[in-house]
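Chemist: Using only what follows, build the 3D model:
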Amino acid sequence: GFGPGDKLCVAGNNRPRLYWAEMAAVCLGGTAVPVYQDAIADELRYVLNNAEVKVIVAEDQEQVDKVLSLREDLPILELLIYDDPRGISGYDVDLLHSFEAIAAQGSQQPEADFAQAVAAVTPDQIAFMCYTSGTTGKPKGVMLSHSNIVAATNIFLESESVSEKDDFISYLPLAWVGEMLYGTAVSIVVGCASNCPEGPETFRRDVRELGPTGFVAAPR
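Modeler: As a prediction, this is how the structure comes out:
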């Protein structure tokens with residue numbers, strides 16, 4: 001039931017399935033709303049309601065528990081999907097489903113339906129909502145259209161040489177607009193690889209193993 005104008009939130013560390021979920025939302029004419037993985041429940045409540053999030057894709061039990069603790073305060077939420085099943089086997093919640101189960105349902109749909117949805121997306125539709133830090137008040141949801149993101153990506157590519165052969169490492173928070181732009185958008189526009197570390201604690205080891213040709217570092 002997800003379609004144009006709907007919002008999908010991803011919550012967790014940098015994992016391939018969370019990126020795939022963002023791209024699914026964007027391809028269907030919806031909007032991806034990434035949140036910080038260490039956000040507390042009260043912070044999540046505001047963002048999820050402000051963005052009118054319909055679907056949440058959560059990395060693990062920690063993220064699922066935070067969302068479930070807010071369930072009564074999230075009237076628009078219809079679906080909660082989890083990636084890592086550890087600790088969730090005993091849950092009996094009607095809106096909670098595994099990533100595998102949703103993927104299996106999707107595989108039954110005609111491929112032409114997906115192609116039609118992609119073809120219907122226009123440049124002025126909102127692809128991402130990235131929230132500000134809220135240091136002077138409530139966080140603001142910055143609405144970024146497809147054309148916004150592609151234009152900013154092309155500006156970066158005019159000054160930096162990036163090709164399909166490049167390897168970037170994706171380790172900064174998904175919710176940060178810099179990660180969305182220099183990781184997700186650049187990799188899609190150029191066709192380079194965006195690699196996820198096994199986890200935050202293995203970042204240094206993973207960088208040595210991968211030997212990326214570039215990665216983005218934010219000011220401390």
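Chemist: For the rest of this, base every contact and every neighbour count on C-alpha atoms.
Modeler: Noted.
Chemist: Tell me how far V26 lies from H146.
Modeler: 9 Å (CA to CA, to the nearest Å).
Chemist: got the contact list for the residue nearest to Y36 when sequence neighbours are not counted?
Modeler: Excluding its sequence neighbours, the residue lying closest to Y36 (CA to CA, 6 or more residues apart in numbering) is A175, at 5.3 Å. For A175, the contacting residues are 33-36, 130-131, by CA atoms under 8 Å, 6 or more residues apart in numbering.
Chemist: mind listing which of the residues you listed are in strands?
Modeler: Judged by DSSP state E, the subset of the contacts of A175 located in strands is 33-35, 130-131.
Chemist: Thought T184 was touching T153, still the case?
Modeler: No. Between T153 and T184 there is no contact under CA atoms under 8 Å: 9.9 Å.
Chemist: before we move on, what SS does V67 have?
Modeler: helix (DSSP: H, G, I helix; E, B strand; the rest coil).
Chemist: For the host helix or strand of I155, list every residue counted as buried.
Modeler: I155 belongs to helix 146-159 when elements are defined using DSSP states H and E. Across helix 146-159, burial judged by 16 or more other CA atoms under 10 Å covers 146, 148-150, 153, 157.
Chemist: same thing with stretch 181-196?
Modeler: 181-187, 190, 192-196.
Chemist: And stretch 27-39, by the same measure?
Modeler: In stretch 27-39, counting by 16+ other CA under 10 Å, buried: 27-37.
Chemist: Redo these as a markdown table? Include pLDDT.
Modeler: Below are these laid out as a markdown table (pLDDT from 0 to 100):
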| residue | pLDDT |
| --- | --- |
| C27 | 96 |
| L28 | 96 |
| G29 | 97 |
| G30 | 98 |
| T31 | 98 |
| A32 | 98 |
| V33 | 98 |
| P34 | 97 |
| V35 | 96 |
| Y36 | 93 |
| Q37 | 93 |
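Chemist: from those residues, which single one is nearest G87?
Modeler: Q37 (17.9 Å; CA to CA).
Chemist: Near the spatially closest residue to that closest one that is not a sequence neighbour, how many residues? Count them for me, please.
Modeler: Closest residue in space to Q37, ignoring its immediate chain neighbours: G12 at 4.6 Å, by CA to CA, 6+ apart. Neighbour count for G12, taken as other CA atoms under 10 Å: 23.
Chemist: G12 touches D60, doesn't it?
Modeler: Yes. The criterion here is CA under 8 Å, and G12 meets it with D60 at 7.4 Å.
Chemist: Any regions of the chain where pLDDT drops low?
Modeler: For the chain, no stretch is flagged by pLDDT under 70.
Chemist: Kind regards, and thank you for your time.
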